[in-house]
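Student: What would the 3D arrangement of this be:
(one chain, ligands or ions: 2)
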Amino acid sequence: MAPLLISSSCSSSAPVDTVIVPRPAKIEMLDGSCRAKSEPTVSIVEDFPYGPEAYILEITSDGISIQAGTETGAFYAQQSLKQLREHSGRRIRAQRITDWPRFEYRGVHMDVSRHFFGKEVVKKQLEMFASLKINTLHWHLTDGEGWRIRIDRYPLLHEVAAWRPIADYQQWCDNGRYYCKEDHPGAYGGYYTKEDLREIVAFADSLHITVIPEIEMFGHSPEVTAVYPELACGTKECIVHEDGTWERGQGEYCIGKEATFEFLENVLDEVLDIFPSKYIHIGGDEAGKKNWAECPDCRRRMREEHLDGVDGLQSYGISRIERYLNDRGRSIIGWDEILEGGLAPNAVVMSWRGVDGGLKAAAMEHRVIMTPNDYCYLDRVQGNPLTEPEGFGGHIPISRLYSYDPAPASMEGREYVMGVQASLWTEKVGTPEHLEHMYYPRVFALAEIAWTPQEERDYDDFRSRALLMSRSAVKKGYEVFDISAGDDLRNGYEKGVDHLAKGCKVTYYSTYSPRKYRAAGDSTLTDGQVGGWDFHDRWQGWGDVDCIYVVDLGSVRKIHSISTTFGQWASSGIYIPDEVSYEISDDGNQFERIFVQKRNPADSLLPAAFVAYDWRSRKAVKTRYIKVKAIDDRNRGSWLFTDELIVR
Ligand code: ACM
Ligand code: ZN
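Tutor: Ligands and ions are numbered 1, 2, ... in the order given. Next up, the predicted model:
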């Protein structure tokens, strides 16, 4: 629908009456205006019709009033008013905003295991989240890179499993992934004391945010089994080297041993004591199940409980923990792997491997939270990979995240979608500035997906508001990725490119990847569309073969330039070719080589690169056929990726 409030081609001087992110459900503009500084009258109304988080904010020439059914609704009205004030002059235009959220769960995930972030960093993000009416922090507190929550009964978790001898994530991975004590030279990590945690929970509560802790089980736990090896399969012991470093343990808990449940229940008792949230996230993702298949204790459990293999064993473990938590008035959330082997009866499924887990669970009448990694994972870079800090692979610009609808009209069981979450894993994110850079402005988009009715959402309108919100976030001291430069999408990506070979037939002399990297198939290289910053996006890939093809211009044409681009995403094994050449021909039989360019050796060391191979001639050259040959270095077994042959 058309933007209601502000021009979509917004500049800093554009007149803006109302800038609210997330966009309210309903806005009626009224005549007149009100002093921005006027204090609102606030009424909490019984039987307020629009739901517990809803509010009506009315701004008239007589003053400002807020009505809501709860303190939370009134708090959200105040957030909207704050944004209006920030972006108005001395007066705010009269208007009536009637507003309520689309989803009850509006979450942001923060991984503090891969890199530890202190409580002030967490609180600063909570303030921003609250201003966006986000109501849940999903706090990933435990994982193989560090256990972050003090548990009195198991001191080695914070004394050892919270520390590593090497700060840099990659170097740590490359050097054995050891742990150490806090006083070890160069020890990196940390944990939250119970006071820290209570302080954060209370602070979040004052902002109407619930903190849901995630305690990973039954995988992603080598830091636990490093210090308590009796919780792993078999008969392992702690391995402590002479230099005081500790070897990592098995990644999974043993589900056959009662000791595991005793440990997890004791840990959960202390967790429940700190976190009053209805939901506890128990992880459940990516368990390697091989050890379970071989472990005598796990095998005995499978036999005695009549479980269907290792999937059934995992399901047994999750269901047993669910029962423990249900008995204490809490419910579990788990990553979508908890569907394997049978879903625990009351579990909420968090869908991350795309949307399939969410669809499946919703069809089974289980509540779901959507955070599909191809839309909602903020560890992917959002702009030009040549200038952005390294991400975890892939590219999720703000426009892609914004395009996500967690519960489309066509979805069976869409009423089971509790909400949506942006998730930030921090393997590559080592500083608070980088953390914020990855969050903002994409968290603005998440907030709007989660709050605003789908029919009121419009990307251009949102982008204008996100730009203004970005500016005010920067003024408040947040590090924000700058979308004003338009660098979130590759040049030509949105509008496409017009050129002589557009729509022309391509004959392939080598085979591109038939499935995953086929892009638009045989039309890809002449469809007038350039690839995005992500190799999944409109790029065609050749695995371990040269890329050779001929384009037929249809008739002999006069041309001045030929250009192709090859991309490099080294962490995914995609490299620019050793050599690219162009040949031309009038008849398609006899070709004449007019261009060759070898790789600059320094380029092959870059994590990312986009190399354009440009032939240009001031004097027109006549040709009908153009052959492109990109030669791969066979020793490396690498991939070649290219997007468009541009002829002018
Ligand atoms: C996940 O990204 N492993 C949930
Ligand atoms: Zn076992």
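
Student: Which residue, neighbours along the chain excluded, lies closest to residue 245?
Tutor: residue 178 (3.8 Å; CB to CB, 6 or more residues apart in numbering). For glycine as for every other residue, the C-beta is placed from the backbone atoms N, C-alpha and C.

Student: doesn't residue 244 make contact with that neighbour?
Tutor: No. Between residue 178 and residue 244 there is no contact under CB atoms under 8 Å: 9.3 Å.

Student: Quick check: pLDDT value at the closest residue to ligand 2 within the stretch 101-250 of the chain.
Tutor: Across the stretch 101-250 of the chain, the shortest distance to ligand 2 (CB to the ion) belongs to residue 233, at 3.2 Å. pLDDT, residue 233: 98.

Student: Just give me the neighbour total for residue 203.
Tutor: Using other CB atoms under 10 Å, residue 203 has 17 other residues around it.

Student: my bad, should have said residue 566
Tutor: Residue 566 has 22 neighbours, counted by other CB under 10 Å.

Student: So what would you say the end-to-end distance of stretch 288-304 is?
Tutor: From its first residue to its last, stretch 288-304 covers 22 Å (CA to CA, to the nearest Å).

Student: And that stretch, what's buried?
Tutor: Using 16 or more other CB atoms under 10 Å as the test for burial, stretch 288-304 gives 289, 291, 292, 295, 297, 298, 299, 301, 302.

Student: close to ligand 1, is that stretch?
Tutor: No. For stretch 288-304 and ligand 1, the contact criterion (CB under 6 Å from any ligand atom) is not met; the two come no nearer than 12.4 Å.

Student: who touches residue 176 in this structure?
Tutor: By CB atoms under 8 Å, 6 or more residues apart in numbering, the contact set of residue 176 is 245, 247, 248.

Student: where along the stretch 401-550 of the chain do the strands fall?
Tutor: If DSSP state E, counting those that start in this stretch is used as the criterion, the strands of the stretch 401-550 of the chain fall at 417-424, 505-508, 540-543, 547-569.

Student: Up against ligand 1, what does the chain have?
Tutor: Residues of the chain lying near ligand 1 (CB under 6 Å from any ligand atom): 285, 286, 335, 352.

Student: Quick check: closest non-adjacent residue to the residue of the stretch 101-250 of the chain closest to ligand 2.
Tutor: residue 295 (3.5 Å).

Student: can you pull the contacts of the one you found?
Tutor: Residue 295 makes contact with 233, 234, 254, 256 under the criterion CB under 8 Å, 6+ apart.

Student: Against residue 256, how distant is it?
Tutor: Look at residue 295 and residue 256: by CB to CB, to the nearest Å, they are 6 Å apart.

Student: just to revisit the earlier point, quick one: which two of the contacts of residue 295 are the most distant?
Tutor: Pairwise distances among the contacts of residue 295 were taken by CB to CB; the largest, 10.2 Å, belongs to 234 and 256.

Student: I'd assumed residue 624 was in a strand, is it?
Tutor: Yes. Counting by DSSP: H, G, I helix; E, B strand; the rest coil, one finds residue 624 located in a strand.

Student: begin at 14 from here
Tutor: Okay, using 14 as the starting number, the last item reads as residue 637.

Student: for the spatially closest residue to it that is not a sequence neighbour, what are its contacts?
Tutor: Of all residues not flanking residue 637 in the chain, residue 569 sits nearest, at 4.7 Å (CB to CB, 6+ apart). Residues near residue 569 by CB under 8 Å, 6+ apart: 599, 635, 636, 637.

Student: hmm, back to that, ok, of the contacts of residue 308, which come out buried?
Tutor: The neighbour count (16+ other CB under 10 Å) marks 246, 267, 269 as buried among the contacts of residue 308.

Student: need those residues in CSV with secondary structure, can you?
Tutor: Shown next, in CSV, are the buried ones among the contacts of residue 308 (three-state DSSP):
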residue, secondary structure
246, coil
267, coil
269, coil
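
Student: of these, closest to residue 657?
Tutor: Nearest to residue 657 among those, with distances taken as CB to CB, is residue 246, at 51.9 Å.

Student: hang on, that closest one packs against residue 307?
Tutor: Yes. With contact defined as CB under 8 Å, residue 246 reaches residue 307; the gap is 7.4 Å.

Student: Skipping adjacent residues, who's closest to the residue nearest the centre of the chain in space?
Tutor: Geometric centre of the chain, nearest residue: residue 390, 1.0 Å, by CA atoms, centre = their mean. Closest residue to residue 390 apart from its sequence neighbours, by CB to CB, 6+ apart: residue 436 at 5.5 Å.

Student: For the nearest residue to residue 61 once chain neighbours are set aside, list the residues it contacts.
Tutor: Take residue 61 and drop its neighbours on the chain: the residue closest to it by CB to CB, 6+ apart is residue 82, 2.9 Å away. Neighbouring residues of residue 82 by CB under 8 Å, 6+ apart: 57, 58, 59, 60, 61, 63, 64, 65, 67.

Student: cutoff 10 Å now
Tutor: Taking CB atoms under 10 Å, 6 or more residues apart in numbering, we find residue 82 in contact with 57-68, 113.

Student: any weak-confidence spans in the stretch 14-163 of the chain?
Tutor: Applying pLDDT under 70 to the stretch 14-163 of the chain flags residues 14-31.

Student: ok, which pair from the residues of the chain next to ligand 1 is furthest apart?
Tutor: The span of the residues of the chain next to ligand 1, defined through CB to CB, is set by 299 and 365 at 9.9 Å.

Student: Give the residue from those two that has the larger number of neighbours.
Tutor: Higher neighbour count among residue 299 and residue 365: residue 365, with 24 against 14, using other CB under 10 Å.

Student: picking that back up, give me the common contacts of residue 247 and residue 269.
Tutor: Residues touching both residue 247 and residue 269 (CB under 10 Å, 6+ apart) are 308, 309, 310, 311.

Student: Sort out which of those are in helices and list them.
Tutor: Counting by DSSP state H, the part of the shared contacts of residue 247 and residue 269 found in helices is 309, 310, 311.

Student: ok, the last one to residue 303 distance?
Tutor: So that's residue 311. Distance from residue 311 to residue 303, by CB to CB: 11 Å.

Student: what sits in contact with each of those two?
Tutor: In contact with both residue 311 and residue 303: 246, 265, 323, using CB under 10 Å, 6+ apart.

Student: Format those as CSV; extra columns: distance to residue 489.
Tutor: Formatted as CSV, these follow (distance: CB to CB, whole Å):
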residue, distance to residue 489
246, 50
265, 43
323, 49
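
Student: Ligand 1: which of these is nearest?
Tutor: Lowest distance from ligand 1 to these (CB to the nearest ligand atom) belongs to residue 265, with 13.9 Å.

Student: where does that closest one land in three-state SS?
Tutor: Using three-state DSSP, the secondary structure recorded for residue 265 is coil.
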